[in-house]
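*Asks:* test case, fold it:
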Amino acid sequence: MTHTSDRMKGGLSKAPHRSLLKADGLTDAEINRPLIAVINSANEIIPGHLMLDKIGAAVKAGIYMAGGTPFEISTIGVCDGIAMNHAGMRYSLASREVIADSVEIAVAAHAFDAVVMIPNCDKVIPGMLMAAARLDLPTVVISGGPMLAGRGPKGEAVDLDTVFTAVGKVAAGTMSEEDLLTLENQACPTCGSCAGLFTANSMNCLVEAIGIGLPGNGTIPAVYSERIRLAKQAGMRVMELLESGVTARQIMNAKSIRNAMTLDMAFGGSSNTVLHLTAIAHEAEADITLDDWSAVSARTPNLVRISPASNLHMEDLYVAGGIPAIMRELGRRDLIERDAPTVDGRTMGEIMDSAREADGAMIRRLEDAHYPEGGLRVLRGNLAPDGAVVKQSAVPAAMRVHTGPARVFDSEEDAVEAIMAGRIVEGDVVVIRYEGPKGGPGMREMLTPTSAISGMGLSSSVALLTDGRFSGATKGPAVGHVSPEAASGGPIALIAEGDSVTVDIDAGALTLNISADEFAARGSAWMPRAPRVTSGVLARYAKLVSSADKGAVLS
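*Replies:* Here you go, the predicted model:
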């Protein structure tokens with residue numbers, strides 16, 4: 001069997017190349033085997049990546065057992081929680097593109113035969129999947145797994161979102177700083193991706209639905225030995241894919257992308273998944289639009305609610321049967337493409353058939369759904385002609401339709417200052433603009449303002465909209481990805497302080513309530529602003545990035 005690596009190591013002219021491989025300590029027998037890239041985002045700053053060295057060792061053991069020679073290669077990552085609410089967050093979304101490019105470069109330049117990718121947090125997962133689609137080699141993704149929830153003073157489950165919300169409570173005078181410190185010490189008790197259905201865990205679950213990861217990838221806790229066994233299986237499985245000639249694009253196709261979108265709606269994943277799946281589909285030449293998202297949301301009931309939408313966490317979903325159990329329940333209404341292939345070797349339908357039935361509590365039955373539509377909703381209107389996204393599964397019923405005066409801020413910092421100072425009151429619509437992909441630059445994630453609103457007791461009376469994006473931990477009527485963004489002259493740039501704004505989730509509308517003449521006059525008077533960043537990676541990113549509704553991909 002001919003392998004890709006033969007072009008790098010085979011024949012008389014490649015003696016120098018083999019010499020360099022021997023400098024790595026390889027024997028002739030190891031060089032003659034298929035060469036497998038193990039792309040690992042292990043590092044010592046991101047809690048979700050702290051243990052990925054152990055996952056990498058297990059993957060390499062699996063590859064060796066199955067007759068391959070593994071090579072571990074590092075890539076970068078950003079912890080969105082640590083980068084939150086300061087200039088560091090501008091780099092988070094941009095890191096997705098850097099990760100995709102660096103993986104493509106490392107794998108293609110060294111002519112590897114197959115790849116195992118080891119991500120665990122927000123932008124690393126989609127970045128690696130984008131690279132997998134470009135490379136189109138036999139590929140398996142194995143994540144590091146979710147963190148266990150912490151326990152509060154009364155034994156209640158807590159997580160990172162609990163701490164962010166508590167900051168607002170301290171500012172409001174309803175919690176002491178001593179209690180906040182106690183919570184700070186208890187909320188994140190283990191390594192792993194943060195315990196709620198935030199972006200990292202949402203994406204790791206979608207890896208299963210796409211079929212590019214083995215069953216359990218999204219829900220087996222990071223600290224469980226089962227995770228190590230799964231990593232060994234991933235290493236062995238990639239060798240079987242190589243032998244069978246099954247490549248990434250055969251798995252990541254239009255059917256599997258639709259399955260992932262359907263799962264996303266059923267479990268109410270992070271709104272960031274809209275950006276990431278759209279970008280992944282673009283790389284896989286299975287393009288999707290916000291209209292496709294709307295169609296999937298309209299037909300998919302919301303069956304699962306995990307923190308921040310409830311007090312349940314990823315470990316609870318794991319106990320209830322994980323992603324296959326959700327897919328099995330969705331299959332009862334033919335919402336899943338059963339014949340979609342997976343790296344497991346079975347079709348998605350075969351995996352579903354062997355899964356546990358929905359328990360009716362953690363995973364609700366279709367007849368008793370939390371809501372008849374999906375967890376995410378696309379909004380349009382004169383404020384978002386190209387679309388916006390809200391996590392409707394985390395919105396209180398009383399706030400599904402809200403009209404109020406706009407409180408306009410041109411940066412996240414200014415908005416947070418106003419919220420913490422008590423200048424935002426019941427009924428307001430907080431507008432944070434010039435934070436989009438170009439304008440930010442980097443489309444910052446804004447858990448701090450949404451958590452501050454919640455902590456101040458305003459999540460049931462104040463709406464927030466932005467051309468930036470939100471953490472999967474966000475709850476309440478927080479509308480992000482408003483497109484076109486302010487920096488491109490989008491209508492969000494035309495809102496004036498005190499304008500009446502309506503957020504109507506039921507109707508899927510986002511409306512600035514001014515006359516058409518006034519709207520046109522403001523549009524004619526708008527002038528572009530000087531870029532915030534003029535050098536380095538963010539300046540290049542701002543020049544090349546597309547709008548949020550296109551997945552914020554680079555042109």
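
*Asks:* any idea how far the nearest residue to residue 461 once chain neighbours are set aside lies from residue 457?
*Replies:* Using Cβ to Cβ, 6 or more residues apart in numbering and skipping residues adjacent in sequence, the residue nearest residue 461 is residue 426, 4.0 Å away. All C-beta spots, glycine's among them, are computed from the backbone N, C-alpha and C. Relative to residue 457, residue 426 is positioned 9 Å away (Cβ to Cβ, to the nearest Å).

*Asks:* who has more neighbours out of those two?
*Replies:* residue 457 (14 against 10; other Cβ atoms under 10 Å).

*Asks:* how much space between the more buried one and residue 172?
*Replies:* 6 Å.

*Asks:* any weak-confidence spans in this protein?
*Replies:* Scanning the chain for pLDDT under 70 picks out 473.

*Asks:* top strand in the chain by residue count?
*Replies:* The longest strand of the chain (DSSP state E) is strand 401-409.

*Asks:* what's in contact with the helix or strand just after it?
*Replies:* Toward the C-terminal end, the helix or strand that comes next after strand 401-409 (DSSP states H and E) is helix 412-420. Helix 412-420 is touched from outside by 85, 168, 171, 407, 409, 424, 430, 432, 435, 444, 446, 448-449, 452-453, 456, 468, with contacts defined as Cβ atoms under 8 Å, 6 or more residues apart in numbering.

*Asks:* following helix 412-420, which helix or strand comes up?
*Replies:* According to DSSP H and E, the helix or strand after helix 412-420 is strand 429-432.

*Asks:* which parts of that next one are buried?
*Replies:* For strand 429-432, the neighbour count (16 or more other Cβ atoms under 10 Å) marks 429, 430, 431, 432 as buried.

*Asks:* kindly report the same for stretch 113-125.
*Replies:* Buried, per 16+ other Cβ under 10 Å, within stretch 113-125: 113-125.

*Asks:* gap between the two ends of it?
*Replies:* 21 Å (Cα to Cα, to the nearest Å).

*Asks:* stretch 193-205 now?
*Replies:* 12 Å.

*Asks:* and the gap between the residue nearest to residue 461 and residue 460?
*Replies:* 9 Å.

*Asks:* residue 153 now?
*Replies:* 25 Å.

*Asks:* contact partners for residue 192?
*Replies:* Counted by Cβ under 8 Å, 6+ apart, residue 192 has contacts 47, 48, 51, 120, 144, 145, 146, 147, 148, 221, 222, 223.

*Asks:* roughly how far does the fifth one sit from residue 129?
*Replies:* Here the criterion is Cβ to Cβ. By it, residue 144 lies 15 Å from residue 129.

*Asks:* now do the strands in the stretch 51-200 of the chain.
*Replies:* 69-74, 114-118, 139-141, 150-151, 157-158 (DSSP state E, counting those that start in this stretch).

*Asks:* export these to a markdown table and tack on distance to residue 517?
*Replies:* Below are these laid out as a markdown table (distance: least, Cβ to Cβ, whole Å):
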| stretch | distance to residue 517 |
| --- | --- |
| strand 69-74 | 57 |
| strand 114-118 | 54 |
| strand 139-141 | 53 |
| strand 150-151 | 55 |
| strand 157-158 | 52 |
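
*Asks:* among the ones you listed, which comes closest to residue 278?
*Replies:* Smallest distance to residue 278 across the strands of the stretch 51-200 of the chain (Cβ to Cβ): 18.3 Å, for strand 139-141.

*Asks:* name the helices or strands packed onto the closest one?
*Replies:* Contacts defined by 3 or more Cβ pairs under 8 Å, 6 or more residues apart in numbering; DSSP states H and E place strand 139-141 against strand 114-118, helix 124-135, helix 225-244.

*Asks:* 6 Å instead?
*Replies:* If contacts are counted by 3 or more Cβ pairs under 6 Å, 6 or more residues apart in numbering; DSSP states H and E, strand 139-141 sits against strand 114-118, helix 225-244.

*Asks:* so which of those comes closest to residue 328?
*Replies:* helix 225-244 (19.8 Å).

*Asks:* now the helix or strand just after the closest one - C-alpha only, PDB.
*Replies:* The C-terminal neighbour of helix 225-244 among helices and strands, as given by DSSP H and E, is helix 248-251. These are the backbone C-alpha positions of helix 248-251, laid out as PDB (Å, rounded to 0.1, in the frame of the first residue of the first chain):
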ATOM      1  CA  ALA A 248     -11.800  13.500   6.800                       C
ATOM      2  CA  ARG A 249     -14.000  14.800   4.100                       C
ATOM      3  CA  GLN A 250     -15.700  11.500   3.700                       C
ATOM      4  CA  ILE A 251     -16.800  11.900   7.300                       C
END
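
*Asks:* what about residue 79, distance to residue 214?
*Replies:* 25 Å.

*Asks:* again but with residue 180, I slipped
*Replies:* Distance from residue 180 to residue 214, by Cβ to Cβ: 39 Å.
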